[in-house]
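**Student:** test case, fold it:
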Amino acid sequence: MQRPRFFVGIDIAAETFTAAAGVEPWQLTVKPQQFANQLDSFAQFLGWLRQHGLAREQTVLCMEATGVCGEALAYFLQANGYRLAVEPPLKVKRAFKPYGPKSDPVDSQQIAEYACRYWDDLHWWQPRQEILEQIKVLLSTREQFVVQCTAHQNALKALKRKVVRTPLAEQVHLEALQQFKKHLHTLEDEIRRLIDQDPTFGQMVGLLVTIPGVGLLLAAHFLVAFHSAQQPPTHKQFAAYLGICPHEHSSGSSGYAYTSSRRFGPSAMRRLLYLAAMSLRTHQPRFRRYFERKVAQGKPKKLVLNNIANKLLKIMCAVLRNQTPYIPEYRSVNPILLKKALTMSSYSL
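**Tutor:** This is a model prediction of the structure:
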């Protein structure tokens with residue numbers, strides 16, 4: 001990709017957004033300008049870009065990932081042929097010194113400077129397929145309902161332990177629980193219907209659910225994360241994205257600390273992987289033997305379960321890469337040992 005000439009930083013807020021532009025070596029050439037974050041004002045922003053000679057063929061726009069606040073603008077810019085990068089806010093923040101003024105104009109300048117400095121490492125934004133976006137929203141809605149169910153269950157359990165009972169309060173919590181559970185079944189049915197509606201998604205989920213411990217929800221989360229990446233990720237990249245990739249933790253007096261994962265990334269899929277790892281530990285002999293052997297060696301139980309989750313993620317990536325269902329008795333072969341065996345057999349001939 002040819003290096004752009006202009007870099008535009010966009011700081012998104014709920015009601016407004018602020019844009020500034022500069023060139024390399026970094027120099028601010030267009031002072032920050034504020035626009036209303038509404039569809040009617042997007043044409044004004046487009047006119048501002050053209051007014052300052054920021055042609056789409058020579059310009060890169062960058063904004064932070066702010067959820068739905070910047071979604072409409074992202075679709076608008078993509079439809080008008082501009083290259084747009086959406087970056088994690090923490091990544092942009094760490095690129096600058098942690099002091100100085102903090103305002104929308106300053107943030108827009110910093111985002112533009114960030115795009116100029118790291119343009120070859122930017123995450124280019126592309127809209128998801130409509131079905132994939134709907135599945136993502138349904139999964140998020142389901143997670144919210146699960147949280148509400150847990151809250152009602154805890155409240156109901158506490159009320160039943162009180163000496164002075166309040167039947168009406170208990171009945172209200174019970175009815176809310178029943179309603180939420182009904183909604184959860186409806187959401188899962190709709191997720192299944194959308195997946196079956198697309199042949200590619202249906203085939204992917206069909207392959208994933210052949211793996212022990214993988215159900216519809218874990219497969220659906222994997223599907224969304226897999227297609228959100230710019231290119232098919234490896235299992236190590238997936239593990240790092242989910243926050244289950246073990247990292248060494250040793251510095252100074254903490255040189256003997258346990259290796260641990262960062263716990264960054266989407267929590268819903270990480271939790272489902274953990275639950276799947278617990279299921280494999282209980283019901284799959286191979287994983288149960290592995291768990292017992294590592295615990296006997298003194299490894300923490302959570303660390304061993306995290307290892308099982310990484311193994312499960314590796315199997316899921318392999319199944320999609322090879323486009324074949326899971327083979328229960330499959331055992332991978334070390335390429336070095338295979339090469340040595342073939343060499344020895346050739347000598348014997």
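**Student:** wait, Leu218 sits on Leu273?
**Tutor:** Yes. Counting by Cβ atoms under 8 Å, Leu273 is a contact partner of Leu218 at 6.9 Å. Yep, even glycine has a C-beta here, placed from its N, CA and C like the rest.
**Student:** compare those two (neighbour count), which wins?
**Tutor:** With neighbours defined as other Cβ atoms under 10 Å, Leu218 and Leu273 compare such that Leu273 has more, 26 against 23.
**Student:** check contacts around that one.
**Tutor:** 218, 242, 244, 309, 312-313 (Cβ atoms under 8 Å, 6 or more residues apart in numbering).
**Student:** can you list those in a markdown table and add secondary structure and distance to Ile191?
**Tutor:** Putting the contacts of Leu273 into a markdown table (DSSP: H, G, I helix; E, B strand; the rest coil; distance: Cβ to Cβ, whole Å) gives the following:
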| residue | secondary structure | distance to Ile191 |
| --- | --- | --- |
| Leu218 | helix | 12 |
| Leu242 | helix | 20 |
| Ile244 | coil | 23 |
| Ala309 | helix | 22 |
| Leu312 | helix | 21 |
| Leu313 | helix | 21 |
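**Student:** and the two most separated of the residues you listed?
**Tutor:** Leu218 and Ile244 (13.2 Å; Cβ to Cβ).
**Student:** got a pLDDT number for Arg117?
**Tutor:** Among the per-residue scores, Arg117 holds a pLDDT of 93.
**Student:** one more: Ala240?
**Tutor:** 86.
**Student:** pLDDT of the strand ranked longest in the chain, averaged?
**Tutor:** The residue-count maximum for a strand in the chain (DSSP state E) belongs to strand 27-36. What strand 27-36 shows for mean pLDDT is 94.
**Student:** which among the contacts of Leu273 gets closest to Arg117?
**Tutor:** Closest to Arg117, out of all of these and judged by Cβ to Cβ, is Leu242, at 27.7 Å.
**Student:** my guess is that closest one contacts Arg271, does it?
**Tutor:** No. Look at Leu242 against Arg271 with Cβ under 8 Å: they stay out of range, at 10.2 Å.
**Student:** higher neighbour count, these two?
**Tutor:** Using other Cβ under 10 Å, the more surrounded residue of Leu242 and Arg271 is Leu242, with 24 against 14.
**Student:** many thanks, have a good one.
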